[in-house]
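Q: need coordinates for the below:
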Amino acid sequence: MVLSREVSKLQKLIRTVNKRRGLDEVPPITELKKLSGFQLSMVAKDIKKGIYTKKYDSPAAAARYAISPHLYEGEEELFTRWLNRLNNEREFRLSDVARVRKAWEVNDPKFPEVAQQAWDLYQTQLGADSASQYMKNERQLVADLRYPTEWFPRTRQMRRTWHVHLGPTNSGKTYNALKRLEESSSGVYCGPLRLLAHEIYERMNAKGIPCDLVTGEEKRSAYNGLPATIKSCTVEMCNLEKEVEVAVIDEIQMLTDESRGWAWTQALLGLPAKEIHVCGELRTMDLIKKLCRLAGDRIVIHEYKRLGPLEVENVPLGTWDNIQKGDCVVAFSRKEIYKIATQIEKYTDMKCAVIYGSLPPETRAIQAGLFNDPNSGIDVLVASDAIGMGLNL
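A: Alright, predicted model coming up:
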């Protein structure tokens with residue numbers, strides 16, 4: 001049922017349209033009041049299209065044209081086909097379909113009730129189709145990787161500050177970031193290697209700062225099972241749900257790595273930390289600035305220079321007799337590494353430590369520690385390019 005004012009407005013519209021077409025018929029207000037609000041709106045649309053005729057002289061006929069989806073261009077045939085499919089629906093038996101079609105053809109006074117049932121079922125099906133389309137759209141959104149800043153809505157609600165420490169090796173960038181982590185009440189270190197995560201874990205606990213270790217292979221607690229407020233982890237294992245004061249992300253240039261770059265991306269954009277300290281090479285500055293701008297965070301750039309000069313000798317080493325204590329020889333196969341270490345120990349009085357990629361991380365750390373310790377009796381390091389990341393020598 002609709003309000004009399006709305007019915008009167010519709011009568012006025014009908015009268016206006018009919019005068020243009022030389023017609024005097026106007027459905028009695030009592031008949032229009034029998035229409036539902038939805039039916040009345042459909043009649044109004046029909047009238048505005050200029051197709052109102054004397055077929056509206058009974059509520060049944062008016063309801064038929066109001067319910068009929070022919071008011072939506074191209075839907076009448078769809079609705080008719082759908083009626084034929086209803087015999088497969090449990091809710092609508094074949095006899096019901098026959099009743100709808102017969103009432104449609106002979107203008108049965110009971111048509112509004114029967115047709116409304118069909119229309120409601122039709123709309124339910126449209127709703128199901130719409131829900132299916134909605135799920136399809138949702139899947140497309142999930143698969144859309146163009147806007148990574150939108151993957152972490154919780155973090156986007158925070159106003160984070162990015163401290164970007166950029167510079168070459170041996171410039172102190174990671175040292176300064178870790179100093180801030182040591183001062184924080186809660187935080188996380190994210191490194192590229194289990195070896196690095198283990199090193200930070202041991203360094204923090206040695207200074208009396210409780211720190212847990214979390215890697216893909218193991219978990220260690222500083223408090224015999226009780227969680228500490230600071231974690232040292234490999235970047236893939238960082239917790240994106242726990243809010244912390246400071247997060248340190250090391251080797252940020254790995255952001256562009258084809259196989260592991262996703263982990264740095266999610267850590268940088270998703271860690272809920274008040275301060276994000278990223279450490280890496282200067283070449284990543286433009287990319288980090290762009291990501292920070294997209295995330296809506298603040299950024300502070302810290303540029304570093306190498307603490308010790310890097311110089312290239314004018315003459316080659318010559319023989320192993322010229323090797324000095326504290327030197328490192330880099331080779332590119334395990335066989336060559338052991339061959340060089342044997343020759344150095346044979347032709348000099350110095351002892352060698354060896355490091356290569358297939359050594360367990362703990363063994364690499366022990367060998368690096370022996371080389372770094374001036375009282376260990378180890379003088380020279382012979383290694384592969386595995387020392388390029390994750391070891392401080």
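Q: and the longest strand along the chain, average pLDDT?
A: For the chain, the longest strand by residue count, based on DSSP state E, is strand 273-280. The pLDDT scores in strand 273-280 average 96.
Q: can you name the element that comes right after it?
A: Moving toward the C-terminus from strand 273-280, the next helix or strand (DSSP states H and E) is helix 285-295.
Q: before we move on, the earlier item: partner strands of the longest strand of the chain and their direction?
A: Here strand 273-280 is paired, per DSSP bridges, with strand 161-166 (parallel), strand 244-249 (parallel).
Q: so of the ones you listed, which one's packed in deepest?
A: Burial of the strands paired with strand 273-280 is given as mean neighbour count (mean count of other Cβ atoms under 10 Å); strand 244-249 ranks first at a mean of 23. Placement of C-beta: from N, CA and C, glycine included.
Q: give me the three-state assignment for N176.
A: Here N176 is helix, with the state taken from DSSP: H, G, I helix; E, B strand; the rest coil.
Q: what's the weakest-modelled helix or strand in this structure?
A: When each helix and strand of the chain is scored by mean pLDDT, DSSP states H and E, helix 59-67 comes last, with a mean of 43.
Q: can you show me the strands along the chain?
A: Ranges of strands in the chain, per DSSP E, are 161-166, 187-191, 211-214, 219-220, 230-234, 244-249, 273-280, 298-303, 328-330, 352-355, 380-383.
Q: OK, contacts around S358?
A: R334 (Cβ atoms under 8 Å, 6 or more residues apart in numbering).
Q: any idea how far it is from M389?
A: Remark: distance between S358 and M389 (Cβ to Cβ, to the nearest Å) = 15 Å.
Q: where does the stretch 1-150 of the chain dip in pLDDT?
A: Scanning the stretch 1-150 of the chain with the threshold set as pLDDT under 70 gives 1-135, 138, 141-142.
Q: which segments of the protein make up each domain?
A: Structurally, the chain divides into domains by automatic domain parsing as follows: 4-139, 155-303, 320-388.
Q: how about the helices in the stretch 251-393 of the chain?
A: Per DSSP state H, counting those that start in this stretch, the stretch 251-393 of the chain carries helices over the ranges 261-270, 285-295, 334-347, 361-372.
Q: need these in JSON lines with mean neighbour count, mean pLDDT and distance to R156, can you?
A: Listed next are those as JSON lines, based on neighbours: other Cβ atoms under 10 Å; pLDDT from 0 to 100; distance: least, Cβ to Cβ, whole Å:
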{"stretch": "helix 261-270", "mean neighbour count": "20", "mean pLDDT": "94", "distance to R156": "9"}
{"stretch": "helix 285-295", "mean neighbour count": "15", "mean pLDDT": "93", "distance to R156": "7"}
{"stretch": "helix 334-347", "mean neighbour count": "15", "mean pLDDT": "93", "distance to R156": "47"}
{"stretch": "helix 361-372", "mean neighbour count": "18", "mean pLDDT": "87", "distance to R156": "35"}
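Q: now distance to T161 too, for those helices, in TSV please.
A: TSV is the format used below for these (distance: least, Cβ to Cβ, whole Å):
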stretch	distance to T161
helix 261-270	13
helix 285-295	10
helix 334-347	44
helix 361-372	32
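Q: of those, which is nearest P168?
A: Of all the helices of the stretch 251-393 of the chain, it is helix 285-295 that lies closest to P168, at 13.3 Å by Cβ to Cβ.
Q: now do the closest one: everything it contacts.
A: Residues outside helix 285-295 that contact it (Cβ under 8 Å, 6+ apart) are 149, 155-156, 160, 162, 164, 166, 252, 255-256, 268-269, 278, 298-299, 301.
Q: ok, 7 Å please
A: By Cβ atoms under 7 Å, 6 or more residues apart in numbering, the surrounding residues in contact with helix 285-295 are T149, R156, W162, V164, L166, I252, L255, L268, L269, V278, I299.
Q: for stretch 378-385, same thing?
A: By Cβ under 7 Å, 6+ apart, the residues outside stretch 378-385 that reach it are 323, 325, 327-332, 337, 340-341, 344, 350-357, 370-371, 393.
Q: try it again with 8 Å
A: By Cβ under 8 Å, 6+ apart, the residues outside stretch 378-385 that reach it are 323, 325-334, 337, 340-341, 344, 350-357, 367-368, 370-371, 387, 393.
Q: distance between the ends of it?
A: 20 Å (Cα to Cα, to the nearest Å).
Q: in that stretch, what's buried?
A: Neighbour-count burial for stretch 378-385 flags I378, D379, V380, L381, V382, A383, S384 (criterion: 16 or more other Cβ atoms under 10 Å).
Q: how about the last one, phi and psi?
A: Looking back up the chat, that one is S384. Phi and psi for S384, reported as degrees, to the nearest 10, are phi -90, psi -180.
Q: state the pLDDT value of it.
A: For S384, pLDDT reads 90.
Q: what do you get for the third one?
A: V380 is assigned a pLDDT of 95 by the prediction.
Q: what lies in contact with stretch 269-278?
A: By Cβ under 8 Å, 6+ apart, stretch 269-278 touches 148-149, 151-152, 154-155, 158, 160-165, 177, 180-181, 184, 187-188, 190, 238, 240-249, 252, 268, 288, 291, 295, 297.
Q: what do you get if the cut-off is 6 Å, keeping everything else the same?
A: Contacts of stretch 269-278 with the rest of the structure, by Cβ atoms under 6 Å, 6 or more residues apart in numbering, involve 148-149, 152, 155, 160-164, 177, 240, 243-249, 252.
Q: if I look at the closest residue to S376 other than its chain neighbours, how far off is C352?
A: Nearest residue to S376, sequence neighbours excluded (Cβ to Cβ, 6 or more residues apart in numbering): L370, at 4.5 Å. Using Cβ to Cβ, L370 is found at 10 Å from C352.
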